[in-house]
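*Asks:* This is a predicted model, with the sequence first.
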Amino acid sequence: KSGVGLVVDLGTTQEVGSVELTLGGSPTDVEVYATAPGINTPPVELSDAALVGRASGAGTDAVVTFSPGSPTIQTRYLVIWLTSLPKVANGYRGEIDEISVRP
């Protein structure tokens, strides 16, 4: 499996510049995907959204900013995708404790 994640519905199309995460463990690799503006149905597959930013080896606090050429995006749905999880006693475990979406 390439990762595990969740979909964040912003309610309407919003301008987004970064995503701040509080994670339950570290290190964690995180990718953030966004649907195109005007899409009003949540993505079913990861390929329904475009990669807009990532953080590798993130600690318990991570900020994912988008590429310098496009500092903000317009989207309704974000996918927070964990691609590498911290090791725990019985395997691996990823936790997202808090998500803040910033313009």
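*Replies:* Alright, I've got the coordinates.
*Asks:* Who does the most centrally placed residue in the chain form a beta bridge with?
*Replies:* Most central residue of the chain, judged by C-alpha distance to the mean C-alpha position with C-alpha atoms, centre = their mean, is residue 80 at 2.6 Å. Beta-bridge partners for residue 80, by DSSP bridges, are residue 6, residue 32.
*Asks:* Would you mind measuring from it to residue 55?
*Replies:* According to C-beta to C-beta, to the nearest Å, residue 80 and residue 55 sit 11 Å apart. Any C-beta I mention is one placed from the backbone N, CA and C, and that applies to glycine too.
*Asks:* returning to what we had before: help me confirm that the residue nearest to the centre of the chain comes into contact with residue 98.
*Replies:* No - at 11.2 Å, residue 80 and residue 98 do not qualify as touching, with contact defined as C-beta atoms under 8 Å.
*Asks:* all strands of the protein, in order?
*Replies:* Using DSSP state E, the strands assigned to the chain run over residues 4-16, 18-23, 28-34, 50-58, 61-65, 73-84, 87-88, 91-92, 96-102.
*Asks:* what's the burial count for the nearest residue to residue 51 once chain neighbours are set aside?
*Replies:* Beyond its immediate neighbours in the sequence, the residue positioned closest to residue 51 (C-beta to C-beta, 6 or more residues apart in numbering) is residue 33, lying 5.5 Å away. Other residues lying near residue 33 total 22 when counted by other C-beta atoms under 10 Å.
*Asks:* what bits of this structure have low per-residue confidence?
*Replies:* For the chain, the stretches with pLDDT under 70 are 1, 67-70.
*Asks:* Need the residues that contact stretch 28-43.
*Replies:* Stretch 28-43 is contacted from outside by 3, 7, 9, 13, 16, 19, 21, 23, 46, 48-58, 62, 64, 73-86, 94, using C-beta atoms under 8 Å, 6 or more residues apart in numbering.
*Asks:* Distance-wise, check the residue nearest to residue 75 when sequence neighbours are not counted relative to residue 25.
*Replies:* The shortest distance from residue 75 to any residue other than its chain neighbours is 3.9 Å, reached at residue 34 (C-beta to C-beta, 6+ apart). Applying C-beta to C-beta, one obtains 25 Å for the distance of residue 34 from residue 25.
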